[in-house]
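>>> test case, fold it:
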Amino acid sequence: MDHQSPVSANGLNHWFGEGEAKKQVLFDVNLEVARGSLTVLVGPSGSGKTTVLTLLGCLRDVQDGSVSLLGHELHGANSALLTSLRRRLGFIFQAHNLHNSLTARQNVVMGLDVHGNVDPAQASAAASHVLTLLGLGDRLDYLPANLSGGQKQRVAVARALVGNPDIVFADEPTAALDRESGATVVDMLKRLGRERGTTTVMVTHDNRILDQADRIVTLEDGQIVDDTGAISKAGRPRD
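Residues are numbered from 1 along each chain as shown. Model prediction:
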């Protein structure tokens with residue numbers, strides 16, 4: 001296994017439930033992701049995509065097999081290690097989960113809270129910069145109630161990216177966005193990959209963005225059944 005990979009899984013199995021209700025949902029999943037690449041997980045509902053994403057992103061305990069994240073083994077990892085690793089990650093979910101009492105800029109500043117003592121002026125400037133890149137420069141001081149669904153999702157994307165994470169884990173990040181907004185988000189993730197080496201692992205049903213992926217991994221019934229690119233090809237745009 002290439003230990004330079006920012007995230008990898010080897011022989012990953014997972015079960016839900018207990019006793020007679022226990023059901024295996026992942027079967028011997030092996031995956032290595034290249035630094036700076038955009039890897040997309042696709043497949044029908046219930047295929048195991050989001051389960052893989054949450055295991056790779058240390059949001060769910062690894063039961064069987066190995067997951068290496070930024071050079072650290074997650075199987076059996078203690079809470080202190082998991083907490084330190086999460087500070088180096090960005091998460092984008094289909095539900096924006098914004099605080100309704102905070103402005104767009106204030107919501108994004110919260111993405112820097114995990115980094116400890118950050119200068120408030122610098123944090124505000126960073127939040128404003130990322131929101132402007134995502135087309136929300138004129139909505140910095142709007143409350144979520146005064147934003148459209150797509151605008152709220154872009155605020156959530158900005159919150160995930162403002163801390164310059166090493167890896168972004170995204171679950172249906174463009175589902176609530178129109179074509180132009182979705183393309184803006186994916187373009188930004190691609191640019192971060194090129195310029196900063198940010199790695200993105202994304203679950204999506206959005207066929208509009210598949211052409212922008214460096215690699216497409218297809219899951220069915222908890223197994224990888226197709227993979228468009230080995231790690232030697234990932235991280236370079238396809239022709």
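>>> contacting residues around stretch 48-55?
9, 12, 14, 25-26, 29, 31, 41-43, 60, 62, 67, 74, 169, 171, 201, 203, 219, 221-223 (CB atoms under 8 Å, 6 or more residues apart in numbering). (Glycine included, C-beta is placed from N, CA and C.)
>>> check which helices and strands the lengthiest helix in the chain sits against.
Ranked by residue count under DSSP state H, the longest helix found in the chain is helix 179-196. On a contact count with 3 or more CB pairs under 8 Å, 6 or more residues apart in numbering; DSSP states H and E, helix 179-196 meets strand 38-42, helix 149-161, strand 167-171, strand 199-203.
>>> quick one, the first one and helix 179-196 angle?
Think strand 38-42. Relative orientation of strand 38-42 versus helix 179-196 (axes from the mean of the first three to the mean of the last three CA atoms, to 10 degrees): 130 degrees.
>>> quick one, the helix or strand just after strand 38-42 and strand 167-171 angle?
Note on strand 38-42: by DSSP states H and E, the next helix or strand toward the C-terminus is helix 49-56. Using the same axes, to 10 degrees, the direction of helix 49-56 lies 150 degrees away from that of strand 167-171.
>>> so what's the gap between the helix or strand just after helix 49-56 and the chain middle?
Note on helix 49-56: by DSSP H and E, the next helix or strand toward the C-terminus is strand 64-69. Averaging C-alpha positions (CA atoms, centre = their mean, to the nearest Å) puts strand 64-69 17 Å from its chain's average.
>>> can I get strand 64-69 in PDB? Just the C-alpha atoms.
C-alpha atoms of strand 64-69 as PDB (Å, rounded to 0.1, in the frame of the first residue of the first chain):
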ATOM      1  CA  ASP A  64     -12.900  -4.600  10.500                       C
ATOM      2  CA  GLY A  65     -10.000  -3.900   8.100                       C
ATOM      3  CA  SER A  66      -7.700  -0.900   7.900                       C
ATOM      4  CA  VAL A  67      -8.300   2.800   7.200                       C
ATOM      5  CA  SER A  68      -5.200   5.100   6.900                       C
ATOM      6  CA  LEU A  69      -6.000   8.800   7.200                       C
END
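>>> against which helices or strands is that strand packed?
strand 7-16, helix 49-56.
>>> partners of the longest one in the sheet?
Taking DSSP bridges as the criterion, strand 7-16 sits next to strand 23-33 (antiparallel), strand 64-69 (antiparallel) in its sheet.
>>> what comes up buried for the last one?
Of the residues in strand 64-69, those buried by neighbour count under the rule 16 or more other CB atoms under 10 Å are 65-69.
>>> chain center to the following helix or strand past it, what's the gap?
Counting by DSSP H and E, the next helix or strand C-terminal to strand 64-69 is strand 72-73. Centroid separation for strand 72-73 versus its chain: 18 Å, with CA atoms, centre = their mean.
>>> listing partners with orientation, what would you give for strand 72-73?
strand 64-69 (antiparallel).
>>> give me the mean pLDDT for the partner strand.
For strand 64-69, the mean pLDDT works out to 97.
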